[in-house]
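Participant: Sequence first, predicted model second:
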Amino acid sequence: MNIDQSKIPQATAKRLPLYYRFLKNLHSSGKQRVSSAELSDAVKVDSATIRRDFSYFGALGKKGYGYNVNYLLSFFRKTLDQDEMTKVSLIGVGNLGTAFLHYNFLKNNNTVISIAFDIDEEKIGSEIGGVPVYGLDHLEAELPDDVTVAILTVPAQVAQSITDRLIKKGIKGILNFTPARLSVPDEIRIHHIDLAVELQSLVYFLKHYPNE
Ligand SMILES: NC(=O)c1ccc[n+]([C@@H]2O[C@H](COP(=O)([O-])OP(=O)(O)OC[C@H]3O[C@@H](n4cnc5c(N)ncnc54)[C@H](O)[C@@H]3O)[C@@H](O)[C@H]2O)c1
């Protein structure tokens, strides 16, 4: 089935990796079908939302049968480009950056950090978690053209200038962990991740919706 991916709402697209991970586990345990109620319980998304999400990609669960796990998995694999390895760069090999380099992204999807940059002479030339660390001076020379995603874990004050260089070099998407609000051209995609905001939101929900 051919699905126009630009028609999938962003909120739905964001839940795909969640569904994918759970379905992969189901598949490896030998399960062939799953109901939206089971899925809902596992991924903590209400079943009406799941049914709506799945309807965008033509998976219409049958009453009393549920969804075909194989069909969904192959759809997700294609949609999330799981058949292709996505190489990612990481800039700033400090506390956070080092933890990411040690974390095995491959475990859950086909994303791998393949190259890292820093300015610290002690880190430059080393390998951390199997990933080579280069000097930021060599960004333009060393960043391969097929790496189009970058994770930013540098101090906030240098984030914008590094972002400008990354974009010039062809980076299309940035996962920004720094508190800096970055200005980028419209065609560049930035996702901000802020643990403090997430924590605050968690505490807020616990306080105001304790029984949900
Ligand atoms: N989003 C979150 O939830 C969250 C949580 C913790 C920290 N942070 C942010 O993440 C960033 C990194 O935090 P950390 O604790 O790992 O800091 P850190 O000081 O341990 O690491 C920063 C690294 O960046 C390197 N660096 C400095 N200037 C550079 C440059 N111009 N080019 C390349 N590398 C450079 C440093 O040598 C160091 O290795 C900070 O901006 C911090 O505020 C975000």
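Facilitator: Received the coordinates, thanks. Numbering: from 1, shown residues only.
Participant: What are the buried residues along stretch 180-197?
Facilitator: Across stretch 180-197, burial judged by 16 or more other C-beta atoms under 10 Å covers 180, 182, 184. Placement of C-beta: from N, CA and C, glycine included.
Participant: Then stretch 161-176?
Facilitator: Across stretch 161-176, burial judged by 16+ other C-beta under 10 Å covers 162-163, 166-167, 169, 171, 174-176.
Participant: need the buried residues of stretch 180-197 in JSON lines with secondary structure, can you?
Facilitator: JSON lines is the format used below for the buried residues of stretch 180-197 (DSSP: H, G, I helix; E, B strand; the rest coil):
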{"residue": "180", "secondary structure": "coil"}
{"residue": "182", "secondary structure": "coil"}
{"residue": "184", "secondary structure": "coil"}
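Participant: got CSV for these, with pLDDT and distance to residue 70 too?
Facilitator: Shown next, in CSV, are these (pLDDT from 0 to 100; distance: C-beta to C-beta, whole Å):
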residue, pLDDT, distance to residue 70
180, 96, 44
182, 96, 41
184, 96, 39
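Participant: got these as JSON lines, with distance to the ligand columns?
Facilitator: Putting the buried residues of stretch 180-197 into JSON lines (distance: C-beta to the nearest ligand atom, whole Å) gives the following:
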{"residue": "180", "distance to the ligand": "7"}
{"residue": "182", "distance to the ligand": "12"}
{"residue": "184", "distance to the ligand": "17"}
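Participant: mind checking pLDDT for residue 156?
Facilitator: Note for residue 156: predicted pLDDT of 97.
Participant: mind checking the SS state of residue 52?
Facilitator: Per three-state DSSP, residue 52 ends up helix.
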